[in-house]
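Undergrad: 3D model of this:
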Amino acid sequence: MATIAPVKPLRQLTSKHGLGVACGLAAGVWLGAAEAPTKLVNSGFSPFAISLCMVAGVFTARWTFPTLLKGTRYVFSDLAEKKHLVVWAILAGAIWAIANTLTVFAIRDVGLAVAFPLWNTNALIGLIWGQLLFNELKGADARNIAKVVLGSVAILAGAVFLGFSTIHGDQSSSHRAVNGIVAAGGASLLWGTMYIPYRKAYISGMNPLSFVTAFTVGELVTVFSLVLALDGGWRAPIFHSAQTRPLLFWLFLGGFAWVIGDLFQQFATKYLGIGRGIPLSNTNQLWGLAWGALVFGELAKADPLHKAFVLCGSAVMVAGVLAISAAVATEREQISTNEAVKRECTRYQLAYDRVLAANEGAALDARRNDRTWWDYGIIVAALSVFIWLGKGAALPSLKIDYTWVAVLAAILVATAVGLGWVLSKKTRFS
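TA: Numbering: from 1, shown residues only. Reported below is the predicted structural model:
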């Protein structure tokens, strides 16, 4: 019977924690940017159709990045080794797709300002699941527990402040407002629960890049089924409208940005757990506000009270981030995590030492990750799709500050390239 492996020295634990924090914050940068392209779409399409277009972009990007970084041989070898987790990945994708569709309903009925803080309560739901199912925070001292819990609450409170900063006088009707609130609450519940398969996969040693490959199948099948069942079937406007083509590029671009953010979020969840990783990635609202205010001028006519909400919300959110960032797991907490790993290994007959090494980000296996001709074919096909859509894209007549577009885009690129290099150097994306 395998014994619980000793924990790493404090310096190594701190390094792993720091890498997870960086991934969580990078996820916030990219997930916030993913909302910007949807600002350019005012098509009158149903929420089901918009969600389908975004997920099609997600599907294209999610097959591209694992192929680019590891190659399909590595990915399918990893999936074949842990067949039981494929079902969990597809289930997570289905949950994500339903939650994403609900957010479109919420935005339509109550606006992004109200809906965003509501669905960001998924951080608290994830915190509860992490504690109940995966021994997260078990063995942590009172100071660390306070940092994580109060930091999560502070980030949520900051999100509420930022939401109020963009509320203006016109409000939805009472009936639509209730529907929007219910939709946002449902998205929060589903997204908080979605992290159960995430964490289950990673403590079993599955690579995040392999996980998202199966994950995206669940996404696309689910949203396509929703359109067929609830949006007119094959007669749905999204399949026939002449307005579709000029708008697809922006929705695909939003899905592309979401994928990069979600990959960083998955690495954060792997290295930090649900309770720490989700709140850090929920700083996406801060970056979404930056795009709205700086690029689209959403706060240009805001009164001093609304601007005060922006400053207060930003400060509270930063305080929450600092609290969680300082909550490095203690040795006792790490032992509890190792016990959760051992439990999964016993249940599914996995090699404990190998899974533990993978869970720590150590690329110790000898599986091949060299590229084949079809890998390059996948990458070329994905690029061709974006080029084809881009040629037919139409830019709506919105006032856009292209200087800030360039600045924020530079931050996105620097974040992806810089942290991607660190992940490659330290873990080889394991």
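
Undergrad: number of nearby residues for residue 351?
TA: Counted with other CB atoms under 10 Å, residues neighbouring residue 351 total 13. Bear in mind the C-beta positions are built from the backbone N, C-alpha and C, glycine included.

Undergrad: next up, the contacts around it.
TA: For residue 351, the contacting residues are residue 345, by CB atoms under 8 Å, 6 or more residues apart in numbering.

Undergrad: got the phi/psi numbers for it?
TA: Taking degrees, to the nearest 10, you get phi -80, psi 110 for the backbone angles of residue 351.

Undergrad: show me where pLDDT drops low in the chain?
TA: Scanning the chain with the threshold set as pLDDT under 70 gives 1-14, 38-45, 111-114, 163-175, 359-370, 396-397.

Undergrad: all strands for it, in order.
TA: In the chain, no strands are defined using DSSP state E.

Undergrad: now for the residue positioned nearest the centre of the chain: which residues touch it?
TA: By CA atoms, centre = their mean, the mean C-alpha position of the chain lies nearest to residue 262, the distance being 3.3 Å. Residues near residue 262 by CB under 8 Å, 6+ apart: 27, 31, 212.

Undergrad: and of the residues you listed, the nearest to residue 345?
TA: Using CB to CB, the shortest approach to residue 345 within these belongs to residue 212, at 22.7 Å.

Undergrad: gap between the closest one and residue 86?
TA: The gap separating residue 212 from residue 86 is 12 Å, by CB to CB, to the nearest Å.

Undergrad: then residue 399?
TA: 47 Å.

Undergrad: the helices in the stretch 151-300 of the chain, which residues?
TA: Using DSSP state H, counting those that start in this stretch, the helices of the stretch 151-300 of the chain run over 174-203, 208-230, 244-272, 274-281, 284-290.

Undergrad: pick the most buried one from those.
TA: helix 274-281 (a mean of 30; mean count of other CB atoms under 10 Å).

Undergrad: can you spell out which helices and strands pack onto that helix?
TA: Contacts defined by 3 or more CB pairs under 8 Å, 6 or more residues apart in numbering; DSSP states H and E place helix 274-281 against helix 10-33, helix 122-134, helix 142-165, helix 174-203, helix 244-272, helix 304-325.

Undergrad: orientation of that helix relative to helix 174-203 in degrees?
TA: Interaxial angle, helix 274-281 versus helix 174-203 (axes from the mean of the first three to the mean of the last three CA atoms, to 10 degrees): 120 degrees.

Undergrad: from now on call the first residue 11
TA: Okay, using 11 as the starting number, the last item reads as helix 284-291.

Undergrad: may I have helix 284-291 exported as CSV, CA atoms only?
TA: Provided in CSV are the C-alpha atoms of helix 284-291 (Å, rounded to 0.1, in the frame of the first residue of the first chain):
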residue,chain,number,x,y,z
ILE,A,284,-10.3,25.7,-6.8
GLY,A,285,-10.5,28.0,-3.8
ARG,A,286,-7.4,30.1,-4.7
GLY,A,287,-7.5,29.8,-8.5
ILE,A,288,-11.0,30.9,-9.3
PRO,A,289,-11.0,34.2,-7.4
LEU,A,290,-7.8,35.3,-9.0
SER,A,291,-9.1,34.6,-12.5
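
Undergrad: returning to what we had before: for the helices of the stretch 161-310 of the chain, which one sits closest to residue 30?
TA: Shortest distance between residue 30 and the helices of the stretch 161-310 of the chain, using CB to CB, is found for helix 254-282: 3.2 Å.
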